[in-house]
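1. this one's structure only:
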């Protein structure tokens, strides 16, 4: 199932009996992620602000006038969200009043399954035309994949600290998925001991729901959630492309930002993840081998449905000793501008990894943490000073490419 098949839905119904029936019906639909449910009309707007669902389902029978006022409030405050109304009343004036208040569809209780599915499909096509065309979501969630031009280049460290930086925004809900299935180490980097891993999720994909997904995540004290790599190598070998697609679809439905750390082997599972990404951060360095491999990766991504158009080049460890290749020469070699430069701070980064503590907690005043914070802001579309994306080098070296 692709990401475009999913909608995130929040439900409000003060009546326990009908709410339970609606919940059971919704949980039986493969296309619905029940993000939140509420038993009080007066609290539902706050629930929507926090959950930010694609669709709100308002059961109206407990108090139709209060429900009408709620629908009107939701329509005004959340114009990009679809509203479904449900009631046992079938009189024309009431239905018309409900639709005029802002509901896009009116369902009769008890809801028939085929009518519910059809209504969800119509609302989804109205609100999310990109999904109907099979494209990644334009809003509501953002998938950021990190790929490295060689091993040890800093993808995991950058990805984790980027996730931590994004998680500091109050409106963000961020997960880091360790897709280096065989040799990932994000759990060690964050000093977390997971009870479940990606294997538990992917290999149980046929019965995967919100409960199983959330049970498989580990939450760090910074607010970042982690989906760890499989513990057993044989489990890693069993995970297939379709399972990764399903898991990423679920993560995208549940989180505002999904950070993907891929392996250096570029298996089919890695390619599946890249196709789901909105942004691909290609991490490289001012070093001959790393830049040559970066060129090879860009050429390969170009042949994969033009994925190179989603790539942003990030130079890591800029300003390290003995760097003789300039940023300008690197850009000439890559055939594209460098999007971001992260300064070298080997001492802070190494200590952070060895201690299992992200930079926010270990070195919050370091230049490397400030740079990653600014990178997070830039990826969110927030204005950052132009100089934030660059690193001042103390001297210019001789270029190996000249």
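-> Sure, I can see it. Note that this is a predicted model, so its numbers are computed, not measured. Residues are numbered from 1 along each chain as shown.
2. now tell me which helix or strand of this structure has the poorest mean pLDDT.
-> Taking mean pLDDT, DSSP states H and E as the measure, helix 129-132 is the helix or strand of the chain with the lowest mean score, a mean of 43.
3. who touches the spatially most central residue of the chain in this structure?
-> Using Cα atoms, centre = their mean, the residue of the chain that lies closest to the mean C-alpha position is residue 258, 2.3 Å off. For residue 258, the contact set (Cβ atoms under 8 Å, 6 or more residues apart in numbering) comprises 141-144, 174-175, 177, 248, 251-252. Any C-beta I mention is one placed from the backbone N, CA and C, and that applies to glycine too.
4. got a list of contacts for stretch 379-388?
-> Contacts of stretch 379-388 from elsewhere in the structure, counted by Cβ under 8 Å, 6+ apart, are 142, 144, 162, 166, 169, 279, 371, 374, 377-378.
5. and that stretch, how far apart are its ends?
-> Between the opening and closing residues of stretch 379-388 we find a distance of 13 Å, counting by Cα to Cα, to the nearest Å.
6. what do you get for stretch 354-364?
-> Stretch 354-364 stretches 16 Å from its first residue to its last (Cα to Cα).
7. starting at the chain centroid, how far to it?
-> Stretch 354-364 sits 23 Å away from the centroid of its parent chain (Cα atoms, centre = their mean, to the nearest Å).
8. buried stuff in that stretch?
-> Buried residues in stretch 354-364, defined by neighbour count with 16 or more other Cβ atoms under 10 Å: 357-360, 362-363.
9. now, which of those lie within strands?
-> Using DSSP state E, no member of these falls within strands.
10. out of the residues you listed, flag the one nearest to residue 52.
-> Distances from residue 52 to the buried residues of stretch 354-364, taken as Cβ to Cβ, are shortest for residue 360 (24.2 Å).
11. roughly how far apart are the closest one and residue 305?
-> 36 Å (Cβ to Cβ, to the nearest Å).
12. ok, back up a step: check the offset of whichever helix or strand comes after the least confident helix or strand of the chain from the chain's centre.
-> Taking DSSP states H and E as the definition, the helix or strand that follows helix 129-132 towards the C-terminus is strand 142-148. Centroid separation for strand 142-148 versus its chain: 10 Å, with Cα atoms, centre = their mean.
13. what residues does strand 142-148 touch?
-> Among residues not part of strand 142-148, those counted as contacts by Cβ under 8 Å, 6+ apart are 136, 154-155, 158-159, 162, 248, 252, 256-262, 264, 266, 270, 273-274, 276-284, 297, 379.
14. pick out the most distant pair among the contacts of residue 258.
-> Using Cβ to Cβ, the contacts of residue 258 span at most 14.4 Å, a distance reached by 174 and 248.
15. any low-confidence regions in the stretch 201-350 of the chain?
-> Across the stretch 201-350 of the chain, residues meeting the criterion (pLDDT under 70) sit at 205-211.
16. going along the chain, name the helices of it.
-> For the stretch 201-350 of the chain, the helices defined by DSSP state H, counting those that start in this stretch cover 210-216, 233-238, 241-254, 268-276, 288-303, 327-334, 346-355.
17. which residue ranges of the stretch 1-150 of the chain form strands?
-> With DSSP state E, counting those that start in this stretch as the definition, the stretch 1-150 of the chain shows strands at residue ranges 7-12, 32-38, 55-59, 82-87, 105-108, 142-148.
18. could you export these as TSV, including mean neighbour count and distance to residue 65?
-> What follows is those, written out as TSV (neighbours: other Cβ atoms under 10 Å; distance: least, Cβ to Cβ, whole Å):
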stretch	mean neighbour count	distance to residue 65
strand 7-12	24	15
strand 32-38	20	18
strand 55-59	25	13
strand 82-87	24	12
strand 105-108	18	16
strand 142-148	25	39
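19. just put those in CSV and tack on distance to residue 118 and mean pLDDT.
-> Compiled in CSV, the strands of the stretch 1-150 of the chain are given as follows (distance: least, Cβ to Cβ, whole Å; pLDDT from 0 to 100):
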stretch, distance to residue 118, mean pLDDT
strand 7-12, 13, 91
strand 32-38, 13, 88
strand 55-59, 13, 96
strand 82-87, 11, 95
strand 105-108, 9, 93
strand 142-148, 29, 96
